[in-house]
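>>> Return a 3D structure for these sequence lines:
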Amino acid sequence: MPGRERVMRMSVEQPLWRALAAYRVLTMLYAIGLFATAYDRFARPWLALAYYGVLSVWTLAALPKVSNAASCTRRFLAADLTIALVGILLTPVADAHERVADGGPTLPSIWTAGSVLAFAVKGGWRWAGFASTAVAAANLIERGSPARDTVHNVILVWVASIAIGYVVEVARASERTLARALEIEAATRERERLARDIHDSVLQVLAMVQRRGAVLGGEAAELGRLAGEQEVALRTLVSGGLVPLSRAPQDTAEGTVVEAAEPDDSAGPVDLRALLAPYAGARVSLAEPGAPVPLPPAAARELAAAVGAALDNVRRHAGEDARAWILVEDEPGEIVVTVRDDGPGIPEGRLAQAEGEGRLGVALSIRGRLRDLGGSAELISVPGQGTEVELKVPKDAAQAWGKAEKR
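Numbers count the residues shown, from 1 in each chain. Prediction:
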């Protein structure tokens, strides 16, 4: 297994499958036992014997099918439920009318509940509701009238199966949350290890080059300045809490697979922070959330390009010595990136004049990109107090734009 990929498996529902398999075998034996004790009271015992033969072979042969979610297919569930329903509907034909009228057990008896529970464990409470409704209808047809004991049994199966299906859905959601937490924890530990290694080697060398360059002067001073900028950028990158993205947890037959791997555009969203980190430097500070800021790859690149265009304007119009700050905010419904500088600001009317002269840096590189994303770009500038560019991208619009770009 590659060194950069960690895989761990877990499953909170696997015990449910094992319990279901045991339940099906035990209830099959129970149904056959009931028939054996009342054999002489059946109107057509040979028909019941044929059904129990099919039921026994099916239950034992289907044990691998109820061992995990992957093996328990929709086709199997449909066939399993059909065998249960046929057994219920055959009961008035095989058994004596008096026993049916007195509320005697159906041919599959409580084995039927195992079929319904398979729906619940596989598909949740909605699937359980569908299967239990079909069983309820078959029971009412078999009895001929909604007797009290029949209604009681129908409601019991209904409530129990839907409750179990709901519990399974909650367990799966909790499992995915735990898998994601473990994934982030593993990625964070790896980042901290890399940060320590970088700090002990590369950062110290860059700091030494900066100090020596300042002492020597001349061209060495320029080299030292560049080394200082790279040190700041690298220190921001390793200490900014960047978490490598990974593929989403996958459900398999053995449980949930958690993979921590290198980012992949085709695998899903990318972390906006990773695209903005290279902009940080000696005169550009980056403030970001501690958690990933996911966006579709194309939308993230466009937003990062708009930030780059804003920083280009800072260098071009505010001068090389101007400082800039990038603030990333992950709001519930939108992502906001603010670029602020301490330059001289933009005189009133200057943007409109530049656009009229054909210089469309702000109009196209910034506002045009945000407009395509379904967002907005607001520029606030006061002469002598710097400029602030606020970029807003609604998450829903970014998702829709990302899907359209894929097509």
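>>> Regarding this protein, what is its longest helix?
Counting residues, the longest helix found in the chain (DSSP state H) is helix 148-198.
>>> Now do that helix: which elements does it pack against?
Packing contacts for helix 148-198, counted by 3 or more Cβ pairs under 8 Å, 6 or more residues apart in numbering; DSSP states H and E, involve strand 6-10, helix 111-123, helix 125-143, helix 219-239, strand 255-260. C-beta: built from backbone N, CA, C; applies to glycine.
>>> in the stretch 51-200 of the chain, which ranges drop under the pLDDT threshold?
145-150, 152, 191-200 (pLDDT under 70).
>>> So which residues of the stretch 201-350 of the chain form strands?
In the stretch 201-350 of the chain, strands defined by DSSP state E, counting those that start in this stretch lie at 250-252, 255-260, 270-271, 284-287, 294-295, 324-330, 334-341, listed in chain order.
>>> how far away is Ala207 from Gly224?
Distance, Ala207 to Gly224, by Cβ to Cβ, to the nearest Å: 10 Å.
>>> now Arg24
If you go by Cβ to Cβ, the gap between Arg24 and Gly224 works out to 76 Å.
>>> Now Ala38. Its backbone dihedrals?
phi -120, psi 30 (degrees, to the nearest 10).
>>> ok, it - contacts?
Arg99, Gly104 (Cβ atoms under 8 Å, 6 or more residues apart in numbering).
>>> pLDDT wise, what is it at?
The model reports Ala38 with a pLDDT of 87.
>>> ditto for Ile32
91.
>>> Kindly report the same for Pro244.
Confidence score, pLDDT, at Pro244: 42.
>>> ok, now the one 4 residues further on?
Ala248 carries a pLDDT value of 41.
>>> Repeat that for the one 4 residues further on.
What the model reports for Thr252 is a pLDDT of 42.
>>> Use 31 as the first number for this chain going forward.
Let's use 31 as the start, then, which means that last one is Thr282.
>>> Take the strands of the stretch 231-380 of the chain and write them to TSV, including mean neighbour count.
Formatted as TSV, the strands of the stretch 231-380 of the chain follow (neighbours: other Cβ atoms under 10 Å):
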stretch	mean neighbour count
strand 280-282	14
strand 285-290	20
strand 300-301	22
strand 314-317	18
strand 324-325	22
strand 354-360	18
strand 364-371	21
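>>> who wins for proximity to Ser204 among the ones you listed?
Ser204 lies closest to strand 285-290 among the strands of the stretch 231-380 of the chain, at 10.6 Å (Cβ to Cβ).
>>> if we can go back for a sec, including distance to Leu85, could the strands of the stretch 231-380 of the chain go into CSV?
As requested, the strands of the stretch 231-380 of the chain are exported to CSV (distance: least, Cβ to Cβ, whole Å):
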stretch, distance to Leu85
strand 280-282, 31
strand 285-290, 31
strand 300-301, 53
strand 314-317, 67
strand 324-325, 50
strand 354-360, 56
strand 364-371, 58
